[in-house]
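# Provided below for reference: sequence and predicted model.
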Amino acid sequence: MAARVKALVAGNWKMNGVKASKKEVAALARKLAAAKKKPACDVLVCPPATLISTLKEAAKGTKVAIGGQDCHAKESGAHTGDIAAEMLKDAGAAYVIVGHSERRADHGETDAVVKAKAEAAHRAGLTAIVCVGETEAERDAGQTLKVIKGQLKGSLPDGASARTTVIAYEPVWAIGTGRTPTPDDVAKVHGAIRKALEARFGGEGAKMRILYGGSVKPSNAAELMSVPNVNGALVGGASLKAEDFWGIISAYL
Ligand code: PGA
């Protein structure tokens, strides 16, 4: 029987947001507090690093957690422009996204780099959201499961547990395009991810959250979130406005 897993709906603001954007987090927190029935999911917002402490302050005393979008593998040192997992934690983050396809593509991050970043997150006491996903060419070549399994194998640290690690399956071709896989396709990939996690991490793998990401919006969230082994969403564009993000979280009401 499938383990019971509390879902996570995570917003990835990418390179968007200034101090005034804290009003969106405040509005989100108000919606959560006012809801008669509480959504059966955790809620997370991952803004640019410049906003972590501002949003943490805005979310104080609420059920909204704050996270980073990337971290360096090292704790400190001569790495101009980089940010350590310990610094994210110090600023108020509880999570950090690692290995997003935009980082893999724009910064040449390999599975080994992503794994080192996930280890850094664990070292700092952050939950790592490790992203995997195939490109359109890989999908067309029938390589989806092979690519995903390879990314999982290379990107996940051996000591990963359900508390410290979340997987996000994000088909690269679905990110920011308005296109999504069919629920059947999502079920196939999430089922294969679950199997791989159980084979490697046993009972912890059975409980690890597997998020779906890529063009999730209020109108498709309920359908995507009801797919077996989908334990939440990683949301880009639709997480920027509290109204839209709440529409997605509402899939868990
Ligand atoms: P999107 O982005 O929801 O805008 O497609 C998802 C992501 O990249 O995490």
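In hand now; what should we look at?
# how many neighbours does the residue in the stretch 151-253 of the chain that the ligand sits nearest to have?
Closest residue of the stretch 151-253 of the chain to the ligand, Cβ to the nearest ligand atom: residue 236 (2.3 Å). C-beta: built from backbone N, CA, C; applies to glycine. Residue 236: 20 surrounding residues under other Cβ atoms under 10 Å.
# Per-residue pLDDT of it, please?
Confidence at residue 236, expressed as pLDDT, is 98.
# so it makes contact with residue 175?
Yes. With contact defined as Cβ atoms under 8 Å, residue 236 reaches residue 175; the gap is 6.6 Å.
# the helices in the stretch 1-150 of the chain, which residues?
Shown for the stretch 1-150 of the chain, the helices assigned by DSSP state H, counting those that start in this stretch span residues 22-34, 52-58, 85-91, 101-106, 111-124, 136-140, 144-155.
# residues of the shortest one that come out buried?
For helix 136-140, a neighbour-count test (16 or more other Cβ atoms under 10 Å) marks 138-139 as buried.
# repeat for the longest one
For helix 111-124, a neighbour-count test (16+ other Cβ under 10 Å) marks 111, 113-124 as buried.
# Would you tell me which residues of the stretch 1-150 of the chain are close to the ligand?
Contact residues, the stretch 1-150 of the chain versus the ligand (Cβ under 6 Å from any ligand atom): residue 12.
# Which single residue of the stretch 1-150 of the chain ends up nearest the ligand?
residue 12 (4.2 Å).
# Now for that residue: which residues touch it?
46, 69, 97, 100, 213, 234-236, 239 (Cβ atoms under 8 Å, 6 or more residues apart in numbering).
# Save those as JSON lines, and put in distance to residue 204 too.
Shown next, in JSON lines, are the contacts of residue 12 (distance: Cβ to Cβ, whole Å):
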{"residue": "46", "distance to residue 204": "23"}
{"residue": "69", "distance to residue 204": "25"}
{"residue": "97", "distance to residue 204": "20"}
{"residue": "100", "distance to residue 204": "23"}
{"residue": "213", "distance to residue 204": "22"}
{"residue": "234", "distance to residue 204": "20"}
{"residue": "235", "distance to residue 204": "25"}
{"residue": "236", "distance to residue 204": "28"}
{"residue": "239", "distance to residue 204": "28"}
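# That'll do, ta.
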